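[1] pasting the sequence and the predicted model now:
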Amino acid sequence: MTFLFLMGLVGLGIFLWKTYNKLRVLSEKVKRARADVAATMKKRYDIAQRLNDIAASYGEHEKLSHLTLGELSADVRRAGEAEHSIGHVVSEVRTLAQHYPDLKANQTYQQLMAQLEGLESTILARREKYNEEVQNYNSSRCELPQVLFASTIGFPEAPYFSVDENGMESLAEFQTDDGTLLRQGMGRIAGRLSQGATPPPNQDAVPALPVRQDGG
């Protein structure tokens with residue numbers, strides 16, 4: 001009986017180990033794709049901020065929008081809001097350039113505008129790549145039997161890059177467990193199996209007779 005319990009424990013451990021590793025690989029691809037999207041947005045932000053700074057030196061009397069790193073870090077989850085803020089700044093700079101030929105002819109301005117235009121296709125491609133990795137991960141996670149315990153070992157469903165009812169894009173956070181839940185679960189299973197493998201007390205043993213206190 002003890003041997004069967006041990007074999008069951010080993011088989012379960014191997015299965016969970018393989019399943020965990022597979023989900024781990026797929027989830028890391030989701031995280032990397034999300035980081036690529038965020039990095040591209042950050043680069044787009046930096047370019048917009050540099051354009052804004054250059055434009056300010058040409059039209060100091062003009063009131064231009066201003067971006068802050070705090071706004072960007074908060075808006076990564078609400079990608080649509082970040083895109084709107086950046087787009088607004090770029091639009092203002094382009095309008096200002098129409099009134100200041102020297103700004104429009106500025107080499108740095110032209111280079112930054114070219115980089116900004118090139119990032120548009122990059123952002124789109126990376127968003128599609130992110131959703132593709134999310135689909136692969138979620139599909140594997142929802143297969144039987146791992147769908148029954150994926151959340152238990154630290155692998156929640158990954159969110160897609162989506163658009164809400166107001167047309168705002170969202171890049172939600174995605175986090176997985178670092179293995180703690182799996183180790184805790186395996187420890188509990190091992191404990192239960194060990195208890196189940198403990199042989200019951202010998203029912204044939206003769207109970208000890210009580211000792212009389214009167215010396216009889």
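    Happy to help now that I have it. Residues are numbered from 1 along each chain as shown.
[2] packing partners for the lengthiest helix in the chain?
    Across the chain, the longest stretch assigned as helix under DSSP state H is helix 2-58. Counting contacts by 3 or more CB pairs under 8 Å, 6 or more residues apart in numbering; DSSP states H and E, helix 2-58 packs against helix 69-75, helix 79-99, helix 101-105, helix 107-141, helix 180-197. Backbone N, C-alpha and C define where each C-beta goes, glycine included.
[3] change it to 7 Å
    Packing contacts for helix 2-58, counted by 3 or more CB pairs under 7 Å, 6 or more residues apart in numbering; DSSP states H and E, involve helix 79-99, helix 101-105, helix 107-141, helix 180-197.
[4] of those, which stretch is the most buried?
    Counting by mean count of other CB atoms under 10 Å, helix 79-99 has the highest mean neighbour count of those, with a mean of 17.
[5] that one vs helix 2-58, what angle?
    For helix 79-99 against helix 2-58, the angle by axes from the mean of the first three to the mean of the last three CA atoms, to 10 degrees is 20 degrees.
[6] CA atoms only for helix 79-99, dumped as CSV, please.
    C-alpha atoms of helix 79-99 as CSV (Å, rounded to 0.1, in the frame of the first residue of the first chain):
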residue,chain,number,x,y,z
ALA,A,79,-3.2,52.8,-23.3
GLY,A,80,-5.9,54.8,-25.0
GLU,A,81,-5.5,57.7,-22.6
ALA,A,82,-1.8,57.7,-23.1
GLU,A,83,-2.2,57.6,-26.9
HIS,A,84,-4.7,60.5,-26.7
SER,A,85,-2.3,62.6,-24.5
ILE,A,86,0.7,61.9,-26.8
GLY,A,87,-1.4,62.5,-30.0
HIS,A,88,-2.6,65.8,-28.6
VAL,A,89,1.0,67.0,-27.9
VAL,A,90,2.2,66.0,-31.4
SER,A,91,-0.8,67.7,-33.0
GLU,A,92,0.0,70.9,-31.2
VAL,A,93,3.7,70.7,-32.3
ARG,A,94,2.7,70.1,-35.9
THR,A,95,0.4,73.1,-35.8
LEU,A,96,3.1,75.3,-34.3
ALA,A,97,5.6,74.1,-37.0
GLN,A,98,3.2,75.5,-39.7
HIS,A,99,3.7,79.0,-38.1
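[7] show me where pLDDT drops low in this protein?
    Within the chain, the segments meeting pLDDT under 70 span 1, 3, 5-6, 8-12, 59-82, 163-169, 178-216.
[8] confirm Ala150 sits in a helix?
    No - if the criterion is DSSP: H, G, I helix; E, B strand; the rest coil, then Ala150 is coil and not within a helix.
[9] mind checking how far it is from Phe174?
    14 Å (CB to CB, to the nearest Å).
[10] more neighbours: which of the two?
    Ala150 (21 against 17; other CB atoms under 10 Å).
[11] make sure the more buried one is actually in contact with Ser140.
    No - the pair Ala150 / Ser140 is not scored as a contact, 9.0 Å apart, by CB atoms under 7 Å.
[12] common neighbours of those two, please.
    Residues touching both Ala150 and Ser140 (CB atoms under 7 Å, 6 or more residues apart in numbering): Leu23.
[13] for Cys142, give me phi and psi.
    phi -90, psi 0 (degrees, to the nearest 10).
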